[in-house]
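In: coords please:
(one chain, ligands or ions: 1)
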Amino acid sequence: MLSEAKIQDLVPEPDAAALRRSIEYHLKYTTGKDPSAATLTDWRLAVSRAVRDLVIAPWFETTQRVYTEDQKRVYYLSMEFLIGRLLEDAILNLGLDDKLRSIVGNFDVDYAALLTDEPDAALGNGGLGRLAACFMDSMSTVGLAAYGYGIRYNHGLFRQSFENGWQAEEAEDWLRQTHPWEFERPEAHYPIGFGGAVSVDGAKATWTPAETVLAVGYDTPVPGWRGRWSNTLRLWSAKPEREFDLEPFNRGDYMAAAAPSVLAETISRVLYPDDTTAQGKELRLKQEYFFTAASLADIVRRFLAHHDDVAKLPQSIAIQLNDTHPAIACPELVRLLMDHHGQPFETAFEIARGCLHYTNHTLMPEALERWPTDLMGRVLPRHMALIERIDDHHAKSVKRPESVKILDGGEVRMGDLAFIGARRVNGVSALHTELMKQTVFKDLHELHPERVVNQTNGVTPRRWLYNCNPALRSLLNDTIGETWVTDLDRLEALLPLADDTAFRARFAAAKDTNKRRLADHLKHSMGITLDPTAMFDIQIKRIHEYKRQLMNILHAAALWNAIRQNPEKNWAPRIKIFGGKAAPGYVMAKLAIKLINDIGATINKDPAMAGRLQIVYPPNYNVSMAELLIPAADLSEQISTAGMEASGTGNMKLSVNGALTVGTLDGANIEIGEAVGSDNIFIFGLTAAEVAATRAAGYDPASHIAAEPRLAEILEQIASGAFSPDDPGRYTDLVTNLREHDWFMVAADFSSYWDIQSKIDEAWHDRDGWHRSAVLNTARMGWFSSDRTIRGYARDIWNAGTAY
Ligand SMILES: *Cc1c(COP(=O)(O)O)cnc(C)c1O
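Out: Numbers count the residues shown, from 1 in each chain. Prediction:
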């Protein structure tokens, strides 16, 4: 670990006067505003720039050091980076919170409002994009030479609101204001081709694209803890090769004149708002190729600036593909090596494979990307030919069964391409990696048994504990010092304190502070009142059938029935809080949102529920809202159908902040359970093996419903319109589906879920026992730091060093 002196060297601690002058300077000379005329946003931009200035020195230093020492560089290619706000993160990282609070206050500007004025950078849908953001933070903190590469979408994930309880979507607009953290790199631009034809002359192929757009890089420095290292996130924006055509303009045809720019800019205009199904759209394929090709061109250019033998690429670089979205990297790198650097196919393929590594994120067939070969051939003709060649080459180099093939039924299977083109393939939790070996990649795993490895996901303790939970942060720092921030295993020092009454009381007080902070926020934003002494029972994540928000709201409805029947029972007062967006085209998920809001409205207006049960669903769940909700949670709902959640990272954030988990044996829940101990987590439901066996035996939801009167009753109520009197048939299909199909096994798990929730009620009444478990969750979650995950990738996959 780095000494304090070294940290001071890298980021000279500015005195308050210098910081104040810098803010004034930027307000005046960068934003061009007089303090008397400055808006909150003007002030925010000035403060952001003053803070940004401080990370430039370590950024240059790191870049220089990596270059002079010729360190192995890691390139993390991800279609999504769900970053959230950057200003507060940078301020806390550099330890400037107190100083800035007072400086900004002295300008008569509201410091808290200034921080929340920043829009979330929402360049991702959910877990996958958030993982990439946590990894960027950890790669800098452990001192690994890394670049993140992605797309600078003009519009990130849509804003969600509710209209009559239905989800409504609105375009998101984070770039409407200046984004003060990025540097445009007009000199780092690459032409990216699409379509056209390939001419072959002997061994040499020449691709002449029909259409070309420019990829222009925008760099954001990503400082590690206390600025001790800084990597770069380079996001590509699509620009036209020429802005407009003069000839139609002169004729007065302004639309035609602007056509080239409209076409090009469409590519990086908007994030696809879907996370668990594959998009078979041409624009999506173009986005994938666009950012992958630009990144590879940049990577090869950087390598060749200081090396001359492309055969040595694998020694100098490691490329990680975050899911199959950048899997076109394999044929693209082969193309560059063959067509631009004169390598023969087999050598080119081996070099490419030596550089590439692939992270699988899902086993669900509907989420595995497949592109029709005619689309691929039309958009990327050279790549289509190379994919055929790679498939052929693989068929010849191993004795593979019929089932193994990249090209299948007129489609390119991107998962198989990624696997065959990668040195290592990793899953994101122990269970997921095992299932990968047994299911989607069973045959490929048997052919290449050394290839699949596991790296269980993690989350950055900076954003997800230190920054979002100031109350707990202070308690931890007072009690065990601050080293946990970069060495989360140190939280183990809390173990003996779980039995210390005074410490438990302080831990509980921190939770209470966070619950009040959330209650205040919801009072302001939604006008609703929450009792902070009730159990905050929270499920926040994308709305998806496999995540089973439906089971949670059915439980709420069953609880409503049970409380009405027996109001005098000692029910644990509960507030069920939901957060999450549905993909705009996902009908079932959107209906689930409406059902949550319909059942919620019914429960919330029943006076008998006062102080007993309440449903809250604040709209537009995003990173910033997660930062408010997570520290306030008592209970974390991680209730996916076993075998379907690859890992989860929300589960980790909640547990490390002292929420107890109610969960199935799925994804990283299993490892969380092993870490915190079975007494401190509520596990229920079928296992992944039981789910598979139940399906194989012919699952019959009706028999489960018949055996569980609570479930039967609420399904009757929902089907008869008890929660939707304005439209009694609204949920007919949903209920029929549950009764007859229920692919996600809500009915099979409901009894077990009900029983565990009853145990949770009992556990809640034992306040000391609950707080003891909460402390033990925080104390034992150190392993789930993304610093640990990144060290694992560096060691097992990238063969790259870390400075800290
Ligand atoms: C962590 C996070 C996720 C992932 O949550 P899961 O529960 O693992 O699906 C999604 N969205 C946001 C905003 C997050 O912070």
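In: can we go C-alpha only for contacts and neighbour counts from here?
Out: OK.
In: buried sites along the stretch of helix or strand residue 185 belongs to?
Out: Residue 185 belongs to strand 183-194 when assigned by DSSP states H and E. Residues of strand 183-194 classed as buried: 189, 190, 191, 192, 193, 194 (neighbour count, 16 or more other C-alpha atoms under 10 Å).
In: so who does the residue nearest in space to the middle of the chain touch?
Out: For the chain, the residue sitting closest to the mean C-alpha position, by C-alpha atoms, centre = their mean, is residue 130 at 2.3 Å. Residues near residue 130 by C-alpha atoms under 8 Å, 6 or more residues apart in numbering: 80, 81, 82, 83, 124.
In: shouldn't the fourth one be within a helix?
Out: What that stands for is residue 83. No. Applying DSSP: H, G, I helix; E, B strand; the rest coil, one finds residue 83 to be strand, outside a helix.
In: number of residues surrounding the residue of the stretch 701-804 of the chain found nearest the ligand?
Out: The minimum distance from the stretch 701-804 of the chain to the ligand, using C-alpha to the nearest ligand atom, falls at residue 786 (12.1 Å). For residue 786, the count of nearby residues is 25 (other C-alpha atoms under 10 Å).
In: that one reaches residue 462, doesn't it?
Out: No. Using C-alpha atoms under 8 Å, residue 786 makes no contact with residue 462, being 10.1 Å away.
In: follow-up on the earlier one: got a PyMOL select line for the buried ones in the contacts of residue 130?
Out: This is how PyMOL selects the buried members of the contacts of residue 130, with burial counted by 16+ other C-alpha under 10 Å:
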select buried, resi 80+81+82+83+124
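In: for the contacts of residue 130, which one is nearest the ligand?
Out: Checking the contacts of residue 130 one by one against the ligand (C-alpha to the nearest ligand atom), the nearest turns out to be residue 82, at 7.3 Å.
In: so the closest one makes contact with residue 150?
Out: No. Counting by C-alpha under 8 Å, residue 82 sits too far from residue 150 to count as a contact (10.9 Å).
In: report the contact partners of residue 321.
Out: Taking C-alpha under 8 Å, 6+ apart, one finds 76, 77, 78, 327, 356, 357, 358, 359 in contact with residue 321.
In: not counting sequence-adjacent ones, nearest residue to it?
Out: Nearest-residue entry for residue 321: residue 358, 4.7 Å, with adjacent residues in sequence omitted and distances by C-alpha to C-alpha, 6 or more residues apart in numbering.
In: quick one, phi psi at the one you found?
Out: phi -130, psi 130 (degrees, to the nearest 10).
In: neighbours around it, how many?
Out: 27.
In: my guess is it contacts residue 324, does it?
Out: Yes. Judged on C-alpha under 8 Å, residue 358 makes contact with residue 324 at a distance of 7.4 Å.
In: which residues of the protein score low on pLDDT?
Out: By pLDDT under 70, the weakly predicted segments of the chain are 1-12.
In: now with 80, please.
Out: Along the chain, the model assigns pLDDT under 80 to residues 1-14, 242-245, 260, 263, 276, 280.
In: the ligand contacts on that one?
Out: 126, 127, 130, 541, 622, 623, 626, 648, 649, 650, 651 (C-alpha under 6 Å from any ligand atom).
In: still on that earlier bit, contact partners for the residue of the stretch 701-804 of the chain closest to the ligand?
Out: 134, 135, 138, 457, 458, 459, 460, 461.
In: ok, now with 6 Å
Out: Shown in contact with residue 786 (C-alpha atoms under 6 Å, 6 or more residues apart in numbering): 458, 459, 460.
In: would you mind measuring from the residue sitting furthest away from the middle of the chain to residue 257?
Out: In the chain, the residue that sits farthest from the middle, by C-alpha atoms, centre = their mean, is residue 251; the gap is 48.2 Å. Distance of residue 251 to residue 257, computed by C-alpha to C-alpha, to the nearest Å: 9 Å.
In: got it, and residue 563?
Out: 67 Å.
In: can you check residue 633 too?
Out: 55 Å.
In: so the two - more neighbours on which side?
Out: Between residue 633 and residue 257, residue 633 has the larger neighbour count (other C-alpha under 10 Å), namely 27 against 19.
In: stretch 459-467: how far from the chain's middle?
Out: From the chain centre to the centre of stretch 459-467 is a distance of 14 Å (C-alpha atoms, centre = their mean, to the nearest Å).
In: next: stretch 198-207.
Out: 41 Å.
In: same question for stretch 774-793.
Out: Worked out by C-alpha atoms, centre = their mean, stretch 774-793 lies 17 Å from the chain centre.
In: repeat that for stretch 762-782.
Out: 27 Å.
In: coming back round to it: and the gap between the residue farthest from the centre of the chain and the ligand?
Out: 49 Å (C-alpha to the nearest ligand atom, to the nearest Å).
In: give me the phi and psi for that residue.
Out: According to degrees, to the nearest 10, residue 251 has phi -80, psi -10.
In: can you check residue 240 too?
Out: According to degrees, to the nearest 10, residue 240 has phi -70, psi 150.
In: before we move on, what about residue 576?
Out: Dihedral angles for residue 576 - degrees, to the nearest 10 - are phi -90, psi 120.
In: now the helices for the stretch 701-804 of the chain?
Out: In the stretch 701-804 of the chain, the helices defined using DSSP state H, counting those that start in this stretch lie at 701-706, 709-719, 732-740, 746-765, 767-780, 786-793.
In: mind checking which of these is nearest residue 304?
Out: Residue 304 lies closest, by C-alpha to C-alpha, to one member of these: helix 786-793, at 25.2 Å.
In: which residues sit against stretch 603-610?
Out: For stretch 603-610, the external contacting residues (C-alpha under 6 Å, 6+ apart) are residue 614.
In: could you do stretch 503-515 as well?
Out: 471, 472, 532, 631, 632.
In: next, the buried residues of that stretch.
Out: 503, 504, 507, 508, 510, 511, 512, 513, 514, 515.
In: circling back: neighbours of the closest residue to the residue of the stretch 701-804 of the chain closest to the ligand other than its chain neighbours, how many?
Out: Nearest residue to residue 786 in three dimensions, chain neighbours excluded: residue 458, at 3.9 Å (C-alpha to C-alpha, 6+ apart). Neighbours of residue 458 under the rule other C-alpha under 10 Å: 29.
In: can you check the one 5 residues further on too?
Out: The burial count assigned to residue 463 is 20, neighbours taken as other C-alpha under 10 Å.
In: same thing with residue 243?
Out: Neighbour tally, residue 243, other C-alpha under 10 Å: 14.
In: quick one, what contacts it?
Out: By C-alpha under 6 Å, 6+ apart, the contact set of residue 243 is residue 261.
In: residue 658 and residue 776 touch, don't they?
Out: No. Residue 658 is beyond contact range of residue 776, at 7.9 Å (criterion: C-alpha atoms under 6 Å).
In: the two: who's more crowded?
Out: Each of residue 658 and residue 776 has its neighbours counted (other C-alpha under 10 Å); residue 658 has more, 31 against 28.
In: look up how far residue 552 lies from the more buried one.
Out: Distance of residue 658 to residue 552, computed by C-alpha to C-alpha: 21 Å.
In: now do residue 778
Out: Residue 778 sits 25 Å away from residue 552, going by C-alpha to C-alpha.
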